[in-house]
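Enquirer: Could you look at this predicted model? Sequence included:
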Amino acid sequence: MKLLDGFFDKTIDGLTKSMDLTWKRNQALTSNIANAETPQYRAVDLTFGKELERAFGNNQESIMRTSGQHLDVAQNQSARFVGDFSGQTKPDGNNVDIDLQMGRLNQNSGDFMSAARLIRRQLGMIKNAIREGR
């Protein structure tokens with residue numbers, strides 16, 4: 001158990017996880033942009049909604065597999081790279097839409113900065129509480 005665990009709710013852990021995942025998504029998006037002219041390159045994205053829910057403590061009842069023939073939906077709860085088929089495939093087989101990828105990169109950067117700003121605010125409130133307690 002970390003020393004500061006008692007001071008924080010799941011917010012700091014959730015925001016930290018959010019920053020980690022948006023960083024990984026940033027890597028996928030920049031890879032897409034870098035390969036916009038590479039023949040046969042297929043765009044990728046990172047899905048991580050369920051992992052963020054777990055990080056913030058929003059654990060819904062998990063679905064149990066009652067048979068080996070059922071799909072294992074528990075695997076779909078972790079962050080993973082998936083094909084991004086939102087762009088139109090060009091004659092060379094590449095499907096990267098540079099405008100779409102740049103927009104997603106901009107949104108992703110904003111998400112990262114928002115999480116960092118919220119962590120700073122939370123730590124600032126704790127710092128102020130410590131100062132007032134003196």
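Expert: Alright, I've got the coordinates.
Enquirer: Please count neighbours and contacts with C-alpha atoms only from this point.
Expert: OK.
Enquirer: Find the residue at the geometric middle of this protein.
Expert: The residue at the geometric middle of the chain, judged as the C-alpha nearest the mean C-alpha position with CA atoms, centre = their mean, is Leu21 (3.3 Å).
Enquirer: Can you tell me the closest non-neighbouring residue to that one?
Expert: Leaving aside its chain neighbours, Leu21 sits nearest to Phe48 (7.0 Å; criterion: CA to CA, 6 or more residues apart in numbering).
Enquirer: So the one you found sits against Ser78, correct?
Expert: Yes - with contact defined as CA atoms under 8 Å, Phe48 counts as touching Ser78 (6.3 Å).
Enquirer: which one of those two has more residues nearby?
Expert: More neighbours surround Phe48 than the other of Phe48 and Ser78, with 19 against 14 (other CA atoms under 10 Å).
Enquirer: Just want the phi and psi numbers for the more buried one.
Expert: Taking degrees, to the nearest 10, you get phi -150, psi 20 for the backbone angles of Phe48.
Enquirer: If you count contacts, what does the helix or strand of the chain with the lowest mean pLDDT end up packed against?
Expert: The weakest-scoring helix or strand in the chain, judged by mean pLDDT, DSSP states H and E, is helix 49-55 (a mean of 72). For helix 49-55, the contact count by 3 or more CA pairs under 8 Å, 6 or more residues apart in numbering; DSSP states H and E identifies helix 10-34 as packing neighbours.
Enquirer: With only the CA atoms kept, save the helix or strand following the helix it packs on in PDB.
Expert: Helices and strands here follow DSSP states H and E; after helix 10-34, the next one along the chain is strand 44-47. What follows is the C-alpha trace of strand 44-47 in PDB, where atoms were taken according to Å, rounded to 0.1, in the frame of the first residue of the first chain:
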ATOM      1  CA  VAL A  44      -5.200   1.700 -36.500                       C
ATOM      2  CA  ASP A  45      -6.700   3.100 -33.300                       C
ATOM      3  CA  LEU A  46      -6.700   2.200 -29.700                       C
ATOM      4  CA  THR A  47      -9.900   1.300 -27.800                       C
END
